[in-house]
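Q: fold the following and give me the result.
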Amino acid sequence: MSIRENAVAGSFYPASCSEIERYIAHFNTVLDENKFKSEAVELAPKAIIVPHAGYIYSGFTANVAYRSAAQKRAGVKRVVVIGPSHRVYIDGASVALFDRYDSPCGEMKIDLSLSKALKERFGFLHFAPEAHREHSTEVQVPFLQHYFPRAELVEIVYGDLDDRALSTLIDQVLEDEETLVVISTDLSHFHTKEVAQHLDSLCIQGMADLKKAEFESGCEACGMIGVKAVVDAANRAGLQSQVLDYRTSADATDDEQSVVGYVSCLIG
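A: Numbers count the residues shown, from 1 in each chain. Have a look, this model is predicted:
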């Protein structure tokens, strides 16, 4: 049996499952204390956009989307996680063809049948094992295990890829009523908080309006290809969006001179 080994447990997120659960419980306590109600979530999402920094920075923002999705989509049987490669060059994208996915909270089953079927259908997909030590996808797995414990996983890490090609894959995945798509991205990097908030507002407006052209006016996002792809697919499927949370790393560090922006968004 082949296993996708975790690569960033103990750095981006805790190496202990009990510590991961403490993070999630803390995030939810903050939401409850601030009276964030499920009634405020308007959509049953078929896709979500979430950040991928360390949990201390962006975990709260990601958790809002996962908790909201779980409240609205109890029947999710598989999750397709799509994120950019930060470590290695990839021509196209790599789909994980391992049997299982290792995590501090136990192994998660990979939907190998769907992964292989996607690889057969979409020419830009191949399997590059070295691509699957990627944090943009891995940090999502503990949230999936907590909120969708019976779901299976498809992991796609992309590099040099046309967003329009990726959007055709998302078109197919969105047709399945039991599947959730996760698009992983952070927003601007290493600007002052004031500059970051301006640049990030351009991205957030594009996500809210589901208008790809709005990402061309200064928006910065390491997962821009995935974001543009899901926006195209959402428009073809007649979906809507709801932005849930935005903050920067300054909320955790108090350093407003060099920040990273994070957003979470539902599409359904």
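
Q: contacts for stretch 7-17, please.
A: Applying C-beta atoms under 8 Å, 6 or more residues apart in numbering, the contact partners of stretch 7-17 are 20, 23, 52-55, 59, 103-106, 133-135, 138-139, 142. To be clear about C-beta, it is placed using only N, CA and C from the backbone, and glycine gets the same treatment.

Q: quick one: that stretch to chain centroid distance?
A: Distance of stretch 7-17 from the chain centroid (C-alpha atoms, centre = their mean, to the nearest Å) equals 17 Å.

Q: repeat that for stretch 204-211.
A: With C-alpha atoms, centre = their mean, you get 16 Å for stretch 204-211.

Q: give the buried residues for that stretch.
A: The neighbour-count check on stretch 204-211 (16 or more other C-beta atoms under 10 Å) flags 204, 206-207, 210 as buried.

Q: ok, now stretch 171-184?
A: Judged by neighbour count using 16+ other C-beta under 10 Å, the buried positions of stretch 171-184 are 172-174, 179-184.

Q: hmm, back to that, just the buried subset of the contacts of stretch 7-17, please.
A: Among the contacts of stretch 7-17, those classed as buried by 16+ other C-beta under 10 Å are 20, 23, 52-55, 59, 103-105, 133-135, 138-139, 142.

Q: tell me the one among those residues nearest to residue 258.
A: Distance to residue 258 across the buried ones among the contacts of stretch 7-17 (C-beta to C-beta) is lowest for residue 53, with 13.5 Å.

Q: show me the residues around that closest one that make contact.
A: Residue 53 sits next to 12, 139, 186, 249, 260, 262 when contact means C-beta under 8 Å, 6+ apart.

Q: contacts for the helix or strand bottoming out on mean pLDDT in the chain?
A: None of the helices or strands of the chain scores lower by mean pLDDT, DSSP states H and E than helix 250-253, at a mean of 94. For helix 250-253, the external contacting residues (C-beta under 8 Å, 6+ apart) are 56-57, 193, 256, 259.

Q: equivalent analysis for stretch 205-219, please.
A: The contact list for stretch 205-219 (C-beta under 8 Å, 6+ apart) reads 49, 187, 198-200, 202-203, 221, 224, 227-228, 231-232, 234-235, 239-243, 263, 265, 267.

Q: next step: those residues restricted to helices.
A: 198-200, 202-203, 224, 227-228, 231-232, 234-235 (DSSP state H).

Q: look up how far residue 61 lies from residue 247.
A: Taking C-beta to C-beta, to the nearest Å as the measure, residue 247 falls 6 Å from residue 61.
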